[in-house]
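A.B. asks: model this:
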Amino acid sequence: MNGERNGITVAGNILTDIVKTVDCYPNVGMLANISDIRRGVGGCAPNTSIDLAKIDPELKLSVAGKIGDDEYGNYLLSELKSNGIDCSLISVSDNMPTSFSDVMSMPSGERTFFHARAANSEFSPADIDIKKLDCRILHIGYILLLEAFDKPDDEYGTVMARFLHDVQAAGIKTSVDVVSDSTADYKAIIVPALKYCNYIILNEVESGMISGLSPYKENGDIDTENIHKTMSFMASCGVKDKIVVHCKQAGFCLDVKTGDFSSVTSLKIPSNEIKGSVGAGDAFCAATLYGIYNDYSDDHILKFASAAAACNLFAENSTDGMLNKEQIEKMEAKYGRLSL
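C.D. replies: A predicted model of the protein is given here:
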């Protein structure tokens, strides 16, 4: 690939969310009433890329992943293409349907997910021709939910680590995100990949599972000191540039090269304006990537990302709440920020 690379490629989980509003979560053998059914995109690749497209329609974006040859797959391609996103790196499974989640949403806002990994379980480095990648940053997620990438590798530790190494060798910056899984071996699957990451963006629970340090104090308050220690641990594992951790109350950034640690609290969004929170982490991630791509300061990255995550709260699905970059920058003046 000749010339300067531009744009962001988002790779990883692609799925359709079928959100069903129910009046209760029933006991086994009992009935719940469904009052509404809505379809939306889900997974790291669609959520993050569509959010980025809404933040800046001029940004060159592409998606890599795997779908089935079916209605859900066609729906996902239509949604991505309608946002100006290049889908040429998406492959189609010969055997598996498109991955999907049945999302049971209660009036209280609590949600339960029934997930079919399907085509995502087949997605592997063999589906991505690195020589054809024309981007400055490749972001991939979610580690712990991409079976072929999470497999062990004798030389690199995991297949994901080998893949990230190869992407960096091609002159592309790498970024990863993680899924929350209380049963997974975080250190065995995630730590090998950190050596080949330029950036990692994840939530406080996931980061704590990597280090073994709780992100919360016994009284339930956020433990900034432990979060800082966790980020330093990830830096010692090989992350090259920036580590970003987000939670409901705040966002944190560690610049690995300078050692600078920054934190910014979240916006104060009134509860009566919140319609949902699914996809808020992907919204934060998308805005973080945008800030990194455009060389924002760490403080600006966190402020921008937290405002973008707040936008997500104004819609029931993963992407409809996102605003453009100018509107996002005005959010802080309208709502103000929490104090920890």
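
A.B. asks: which helix or strand contains the residue nearest to the spatial centre of the chain?
C.D. replies: In the chain, the C-alpha nearest the mean C-alpha coordinate belongs to D282, at 3.9 Å (CA atoms, centre = their mean). Secondary-structure assignment from DSSP states H and E places D282 in helix 280-293.

A.B. asks: same check on P46?
C.D. replies: When secondary structure is defined by DSSP H and E, P46 falls within helix 44-55.

A.B. asks: please save the CA atoms from that helix in PDB.
C.D. replies: In PDB, the C-alpha atoms belonging to helix 44-55 read as follows (Å, rounded to 0.1, in the frame of the first residue of the first chain):
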ATOM      1  CA  CYS A  44     -18.400  -3.800  18.100                       C
ATOM      2  CA  ALA A  45     -18.100  -3.400  14.300                       C
ATOM      3  CA  PRO A  46     -21.500  -1.900  13.400                       C
ATOM      4  CA  ASN A  47     -22.000   0.100  16.600                       C
ATOM      5  CA  THR A  48     -18.500   1.700  16.600                       C
ATOM      6  CA  SER A  49     -18.300   2.300  12.900                       C
ATOM      7  CA  ILE A  50     -21.900   3.800  12.600                       C
ATOM      8  CA  ASP A  51     -21.200   6.000  15.700                       C
ATOM      9  CA  LEU A  52     -18.000   7.200  14.000                       C
ATOM     10  CA  ALA A  53     -19.900   7.900  10.800                       C
ATOM     11  CA  LYS A  54     -22.400  10.000  12.600                       C
ATOM     12  CA  ILE A  55     -19.700  11.900  14.500                       C
END
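
A.B. asks: circling back: which one is the residue nearest to the centre of the chain nearest to, not counting chain neighbours?
C.D. replies: N47 (3.7 Å; CB to CB, 6 or more residues apart in numbering). Placement of C-beta: from N, CA and C, glycine included.

A.B. asks: could you do H165 as well?
C.D. replies: Leaving aside its sequence neighbours, H165 sits nearest to Y196 (CB to CB, 6+ apart; 4.6 Å).

A.B. asks: low pLDDT regions in the protein?
C.D. replies: Under the criterion pLDDT under 70, the flagged ranges of the chain are 1-3, 109.

A.B. asks: what about stretch 238-256, distance to the chain center?
C.D. replies: Distance of stretch 238-256 from the chain centroid (CA atoms, centre = their mean, to the nearest Å) equals 14 Å.

A.B. asks: so which bits of it are buried?
C.D. replies: Taking 16 or more other CB atoms under 10 Å as the basis for neighbour counts, the residues of stretch 238-256 that come out buried are 239-247, 250-254, 256.

A.B. asks: okay, that stretch in PDB with CA atoms only?
C.D. replies: Only the C-alpha atoms of stretch 238-256 are listed here, as PDB (Å, rounded to 0.1, in the frame of the first residue of the first chain):
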ATOM      1  CA  GLY A 238       3.200  -3.900  26.300                       C
ATOM      2  CA  VAL A 239       0.500  -1.400  25.300                       C
ATOM      3  CA  LYS A 240       2.400   1.200  23.300                       C
ATOM      4  CA  ASP A 241       0.500   4.500  23.300                       C
ATOM      5  CA  LYS A 242      -2.800   5.000  25.300                       C
ATOM      6  CA  ILE A 243      -4.900   3.000  27.700                       C
ATOM      7  CA  VAL A 244      -8.500   4.300  28.200                       C
ATOM      8  CA  VAL A 245     -10.900   3.000  30.900                       C
ATOM      9  CA  HIS A 246     -14.500   4.100  31.200                       C
ATOM     10  CA  CYS A 247     -17.200   3.600  33.700                       C
ATOM     11  CA  LYS A 248     -20.600   5.100  34.500                       C
ATOM     12  CA  GLN A 249     -19.100   7.900  36.600                       C
ATOM     13  CA  ALA A 250     -16.000   8.800  34.700                       C
ATOM     14  CA  GLY A 251     -13.300   8.100  32.100                       C
ATOM     15  CA  PHE A 252      -9.600   7.700  32.600                       C
ATOM     16  CA  CYS A 253      -6.600   7.800  30.200                       C
ATOM     17  CA  LEU A 254      -3.000   6.800  30.700                       C
ATOM     18  CA  ASP A 255      -0.500   8.000  28.100                       C
ATOM     19  CA  VAL A 256       2.000   5.200  28.100                       C
END
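
A.B. asks: that's all I had, so thanks and see you.
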